[in-house]
Structure formats: C-alpha cells, structure tokens
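*Asks:* The sequence and its predicted three-dimensional model are supplied below.
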Amino acid sequence: MKTAIIASLVAGAAAFAPAANKNVCLQHASTQLSASLKDIGGSSLPIPNFDPLNLAEQGSDETLRWYRAAELKHGRCAMVATVGFLTNQAGYHFPGMLSSDVSFESLAAMSPPDAWAAVPIAGKAQILATIFIAELVTEGYQGTHYMKGGEYPTMVFPAIDFSGVSKEKMERKRTSELNNGRLAQIAILSFISDHYIPGSVPVLAKLWH
C-alpha cells in the first residue's frame, strides 16, 4: 500500500513536470523550487513543516501548489466524512425513504460502509456526478488555475465570501482548516480501519464495541 501511494505521488509530480528544454542549464533552473513549505503557509506546532518524505522538495512550484490543493480537498472531504460517520454512528438520520425500497432508518442501522453498499446504483451515480461537478468548479476552469498562481480551491456548497476578511485573519483560518482537515483524515482512516479490523484502534473499541 505504501509503495502504491508513493508511486502515485511520483506519477502526479511527473505529470506536472516542465517540458524538456534544449538548454540543460535552463531546464535545471525551471525545475528548481523557488517556493517552499514556509512560503505556502499551513505550518503550525507541535510539528512545523512536517514532511518526512521531502515531497515538497520534489518537482516544481506548480507541483508544490498541487500538493497543497490536494491536501485542502482531502481535508475537507475527510471532515465531512468524519461528521457523517459520527452522526450515523449516533443513530441520527433523515426521515423518509432514500429510494422506493431503501429507508434512511434502515441505512442508519448499518455501519457507514455497509450503508454505502446498500445505496442503489442510481443514488451512487448522483453522488459521484455531484462530486465530479464540484471538482470541475474547484479546479479553476472559470479562471486562472491554482498551479499557475490562481486561488486555491474554495468551498463549492455553500460558496462562502471571504472578500471582507483581512489577510492575517485569512491565513489563520486557512491554517485552522488545514489542521482540522489533517486531524479528520486521521479520524476517518481510524474509523475505517476499526470497522474492517476490529480492535485495530483500541480507543474506538472502548467507545462503540
């Protein structure tokens, strides 16, 4: 699994590498990072600029911005997933029917992975289509792409206007969002691990087993 993840990251970095240049010196200069983790923000205690694999030093400035955008998106998805998992685990659900033969009450009685499996194919298709549309919007097709210096992906549903927020406050908000997203990624992976491998996360075993 670790090898596959590293391979995918390397492939992603290679996909955005600058095109070949006849001048070797210029080629080296074009791939040299002028930005670093310190420049893109998001660093905080107790482990500032955590990057044990030195991924931030691989590729170009565009690659580094792509990493940050990916972290933002994964963090946001993980926060939604974590809240959804805990809500379902607590037994809260929408009233009524999801489809003609599947009720929200029946889904709430299942674990989140089993509930997803019980969603009809048409429902899954609608969810995935919505995610695809949100991805198109956040990829900046309406303006300058974030890899080219544009704004990082913003919230789509609902859209939030931060135009009146100061730069300093916005940086604090972005750092908080990144940290919450990082924690949520650990949380949702722990939930999934505990579901498929009971007892693999001792803290969770004491909570709901």
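*Replies:* Great, that's in hand. Numbers count the residues shown, from 1 in each chain.
*Asks:* before we move on, what SS does the residue nearest to the spatial centre of the chain have?
*Replies:* Nearest to the geometric centre of the chain sits His74, at 0.5 Å (C-alpha atoms, centre = their mean). Local secondary structure at His74 is given as helix here, using DSSP: H, G, I helix; E, B strand; the rest coil.
*Asks:* Let me know the distance separating it from Asp114.
*Replies:* 23 Å (C-beta to C-beta, to the nearest Å). C-betas here are computed from N, CA, C, even on glycine.
*Asks:* repeat for Asn54
*Replies:* To Asp114, Asn54 is 39 Å away according to C-beta to C-beta.
*Asks:* For those two, work out which one has more neighbours and name it.
*Replies:* Asp114 (11 against 7; other C-beta atoms under 10 Å).
*Asks:* The host helix or strand of the more buried one: which residues count as buried?
*Replies:* Assigned by DSSP states H and E, Asp114 falls within helix 112-118. By 16 or more other C-beta atoms under 10 Å, the buried positions in helix 112-118 come out as Pro112, Ala115.
*Asks:* Counting by contacts, list what the very next helix or strand once past that helix packs against.
*Replies:* Moving toward the C-terminus from helix 112-118, the next helix or strand (DSSP H and E) is helix 121-138. Helix 121-138 is packed against no helix or strand, with contacts defined by 3 or more C-beta pairs under 8 Å, 6 or more residues apart in numbering; DSSP states H and E.
*Asks:* pLDDT of helix 121-138, averaged?
*Replies:* Averaged across helix 121-138, pLDDT comes to 89.
*Asks:* Please apply the same query to stretch 160-172.
*Replies:* 82.
*Asks:* how far does stretch 50-69 stretch from start to finish?
*Replies:* 16 Å (C-alpha to C-alpha, to the nearest Å).
*Asks:* Quick check: buried residues in that stretch?
*Replies:* Buried residues in stretch 50-69 (16+ other C-beta under 10 Å): 55-56, 58-69.
*Asks:* what's the farthest-apart pair in the residues you listed?
*Replies:* Gln58 and Ala69 (16.0 Å; C-beta to C-beta).
*Asks:* shaky segments in this protein?
*Replies:* Along the chain, the parts satisfying pLDDT under 70 run over 1-41, 140-142, 156-157, 206-209.
*Asks:* Please enumerate the helices of it.
*Replies:* 2-15, 24-31, 37-40, 61-89, 104-108, 112-118, 121-138, 167-196, 202-208 (DSSP state H).
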